[in-house]
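**Q** No sequence on hand, only this structure:
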């Protein structure tokens, strides 16, 4: 087998190891005190404690007078309704009287929430003085926010208290990395802090992004969000879990009163660090001395919160690390060597940089010069200088959206337009066949402006840069091993080995726009109190908390579904032929009936055709379905909403022949679905043996050739063509349950895309295709 085939088998072996998580060898942290509760500490009933502060213990919905009173308050605060609109609604004659509400307008509702519901962390307002000007910052107590997440009853069964090492084998040679507690940082930090017993580390994850607070004056702010690494990442990424807390709003300003550009940039950096230091300063004492925290089950532990991870785009990384723009925020590689995959580099030395920034007392000019020599900005008191065990250069994380999707698509489109011409690029985009995961840009992509991160991701589904896309999808694996990390390196090397061709081608709206930040923080406090009270009411109604098993780390489980009723109830065979393209529906169906009646026999093609010719169908029309959907599986049983993860609108799909594996193409074929139909029960009983009744839903499929032994070495995609016998396409009937997922085919355009090909006819006009393995992670793992 050639090298390409060997690499492909190696990749599938690695991915299979990750999927087989039930065979994981887990090495626990050797200190038995890690994650242990405080001895003799009183166990608090979290909900009982919360309920004791409610005025009326007999009323389930207290402080609201009734279920109706509570549900309308919840609707008003959680569904984006403005205060004025809600007050106007209640002022309509008879509404308040008929609903029998305990409030008559938004002001009275806010009074009930603020005065009678137990408190969530409140926002503080302070002013930071930089360059002689005062700037407002709104923030919550960081320790109180941590306690809210740590003590949330919804997370009690998921919290991780001590580090672990996961391996795929008993010999502990291939290590797995999934959640934060399986990585090296937590283990090493636990070692550094294990001089005292009962130490539980709480890794703090800070994320930030610029957002628009109000449209009226175009005012903006940088929100700072907080979550903790003790909560699994599968919960972090689902907004409805509310695993992130808005920690602060940082001010944004262009500092127009500072005319010198260098001084302006320096002052902006100082403002950022002063604000972050103000917000995170409580972590210094808490990180060193620890504090008692109560989890959702009422058990207290001695916890030490540490700043661990910083999530932000490149501009925020530059601010946080104090390096200069255009330089790497993690290492000392020169800016002109950033494109190199071989240039030597070292991670920035935090202690050396802090020592440099500590020389501020030598004088302004000397301080600026020392910082310039060290390659950093002259920041006065960076926010991390007093935080224990914090290293910003290790804390910042890669940003998939901004640094890969948005950062590279712009350049790739420019390079491709230079090499192929913008017209040809747009023409090919307009002629791609449709798919659930593909966005068809019918006006092309080279003229797009203000493209969002989601649109960039959709463009990357068909702008196929082999090494780059391999790296991008590998980087998004929910679980990595030491071997998949090597695959990441290989993908990056592949991109660098082939990039020269590109180089050569081109040398919140809920305020009245007055005191926006104050109103926004008050609105958020009300909303958080309502959400917290909703959890308490659910607990009271069910009399116990809902405990769930730990979430799965990596799963592609999904359930297939069709509409309850067919899209068309009686479609004639003639219409199936002419309108649906099911040219040989009658012949294929009679062959399927014969095969199901002779499962114990091996029929020759001639014998099969002879028997099929004698089958008389007792119907001349069928009920037809136009769409198959696959929904996400709520594997944990904790009420995750069902989400459509894939669908087929009577198009291309990946067919399981009954021998498929968890990883790889074995047992799969590509087919084009022309019709999905059902046979009525009375007809099925007359056509099939009673012991072998057919599935309820069947599909008419036209086949493509089997997968070749190896993908194309140039781009890693499999090449397939339609199966044609004696000038006719080969088709058959299969159970719909055999259809595994949708698949997207890239037509083999040739030097120039034929002008008569269009998105709606290219599957019929083109005969040769490449299977696109980059439309989602499931297709990537299966087809790559």
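**A** Cool, got the structure. Values in this document were obtained by computation on a predicted structure and should not be read as measured data.

**Q** which stretches of the stretch 201-350 of the chain aren't confidently modelled?
**A** 210-220 (pLDDT under 70).

**Q** all strands of it, in order?
**A** Here the stretch 201-350 of the chain has its strands, by DSSP state E, counting those that start in this stretch, at 211-214, 219-228, 245-251, 291-294, 300-311.

**Q** Could I get the ones you listed in JSON lines, plus columns for mean neighbour count and distance to residue 121?
**A** (C-beta placed from N, C-alpha, C; glycine too.) Shown next, in JSON lines, are the strands of the stretch 201-350 of the chain (neighbours: other CB atoms under 10 Å; distance: least, CB to CB, whole Å):
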{"stretch": "strand 211-214", "mean neighbour count": "16", "distance to residue 121": "20"}
{"stretch": "strand 219-228", "mean neighbour count": "20", "distance to residue 121": "11"}
{"stretch": "strand 245-251", "mean neighbour count": "23", "distance to residue 121": "8"}
{"stretch": "strand 291-294", "mean neighbour count": "18", "distance to residue 121": "14"}
{"stretch": "strand 300-311", "mean neighbour count": "22", "distance to residue 121": "14"}
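
**Q** With distance to residue 559 as new columns, can those strands be given to me in a markdown table?
**A** Shown next, in a markdown table, are those (distance: least, CB to CB, whole Å):
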| stretch | distance to residue 559 |
| --- | --- |
| strand 211-214 | 36 |
| strand 219-228 | 30 |
| strand 245-251 | 33 |
| strand 291-294 | 38 |
| strand 300-311 | 32 |
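
**Q** what does the average pLDDT come to for stretch 443-450?
**A** With pLDDT averaged residue by residue, stretch 443-450 scores 83.

**Q** Please list the residues outside that stretch that contact it.
**A** Outside stretch 443-450, the residues that touch it by CB atoms under 8 Å, 6 or more residues apart in numbering are 413, 417, 422, 425-427, 429-430, 441, 455, 459, 463.

**Q** What of stretch 264-277?
**A** Contacts to stretch 264-277, defined as CB under 8 Å, 6+ apart, come from residues 128, 130-131, 135, 137, 224, 248, 250-251, 253-255, 258, 319-320, 322, 377-383, 386.

**Q** same check, this time on stretch 123-141
**A** 121-122, 224, 245-251, 253, 255, 257-258, 263, 267, 270-271, 274-275, 278-279, 282, 517-518, 520-522, 524-525.

**Q** Separate out the buried members of these.
**A** Among those, the ones that count as buried by 16 or more other CB atoms under 10 Å are 121, 224, 245-251, 255, 258, 267, 270-271, 274-275, 278-279, 517, 520-522, 524-525.

**Q** one step back: among the contacts of stretch 443-450, which one has the lowest pLDDT?
**A** Among those, residue 413 carries the weakest pLDDT, at 75.

**Q** What is the neighbour count of that residue?
**A** 20 (other CB atoms under 10 Å).

**Q** Secondary structure of it: a helix, I assume?
**A** Yes: remark: residue 413 belongs to a helix, assigned using DSSP: H, G, I helix; E, B strand; the rest coil.

**Q** Please give me every residue in contact with it.
**A** Per CB under 8 Å, 6+ apart, neighbours of residue 413: 425, 445-446, 459, 463.

**Q** what do you get for residue 605?
**A** Per CB under 8 Å, 6+ apart, neighbours of residue 605: none.

**Q** How much space separates it from residue 27?
**A** Remark: distance between residue 605 and residue 27 (CB to CB, to the nearest Å) = 58 Å.

**Q** go on, residue 468?
**A** 35 Å.

**Q** Could you check which of the two is surrounded by more residues?
**A** residue 468 (21 against 13).

**Q** That one reaches residue 495, doesn't it?
**A** Yes: Residue 468 sits in contact with residue 495 when judged by CB atoms under 8 Å, with a separation of 4.9 Å.

**Q** Now for the closest residue in space to residue 580 that isn't next to it in sequence, how many residues are close by?
**A** Leaving aside its sequence neighbours, residue 580 sits nearest to residue 675 (CB to CB, 6 or more residues apart in numbering; 4.8 Å). Neighbour count for residue 675, taken as other CB under 10 Å: 24.

**Q** Three-state assignment for residue 675, please.
**A** Applying three-state DSSP to residue 675 yields a three-state assignment of strand.

**Q** Give me the pLDDT value at residue 86.
**A** For residue 86, pLDDT reads 90.

**Q** Next, count neighbours for it.
**A** By other CB under 10 Å, the residues close to residue 86 number 19.

**Q** go on, residue 111?
**A** By other CB under 10 Å, 12 other residues sit near residue 111.

**Q** What's the separation between residue 704 and residue 740?
**A** Taken as CB to CB, the span from residue 704 to residue 740 is 15 Å.

**Q** okay, these two: which has more neighbours?
**A** residue 704 (24 against 20).

**Q** Contact partners for that one?
**A** 669-672, 720-723, 769 are the contacts of residue 704 under CB under 8 Å, 6+ apart.

**Q** now swap in residue 771 and tell me
**A** 670, 707, 717-720, 743-746, 783.

**Q** pLDDT check: weakest of the residues you listed?
**A** residue 783 (81).

**Q** Burial check on the residue lying closest to that one once chain neighbours are set aside, number of neighbours?
**A** Of all residues not flanking residue 783 in the chain, residue 773 sits nearest, at 3.7 Å (CB to CB, 6+ apart). A count of nearby residues for residue 773, using other CB under 10 Å, gives 24.

**Q** What separation is there between residue 773 and residue 530?
**A** Residue 773 is 45 Å from residue 530, by CB to CB.

**Q** now do residue 755
**A** On the measure of CB to CB, residue 755 and residue 530 end up 58 Å apart.

**Q** Between the two, point out the one with more neighbours.
**A** Of the pair residue 755 and residue 530, residue 530 is the one with more neighbours under other CB under 10 Å, namely 20 against 8.

**Q** Does the helix or strand that one falls within pack against any helices or strands, and if so which?
**A** Element membership of residue 530 [criterion: DSSP states H and E] is helix 516-542. The helices and strands touching helix 516-542, judged by 3 or more CB pairs under 8 Å, 6 or more residues apart in numbering; DSSP states H and E, are helix 46-52, helix 67-78, helix 106-116, strand 123-130, strand 133-140, strand 211-214, strand 245-251.

**Q** Looking at the ones you listed, which one is packed in the most?
**A** Mean neighbours per residue, mean count of other CB atoms under 10 Å, is largest over the helices and strands packed on helix 516-542 for strand 245-251, with a mean of 23.

**Q** relative to strand 219-228, how tilted is that one?
**A** 150 degrees (axes from the mean of the first three to the mean of the last three CA atoms, to 10 degrees).

**Q** Can you give me the buried ones in the helix holding residue 530?
**A** Buried residues in helix 516-542 (16+ other CB under 10 Å): 516-517, 519-526, 528-530, 532-533, 535-537, 539-540.
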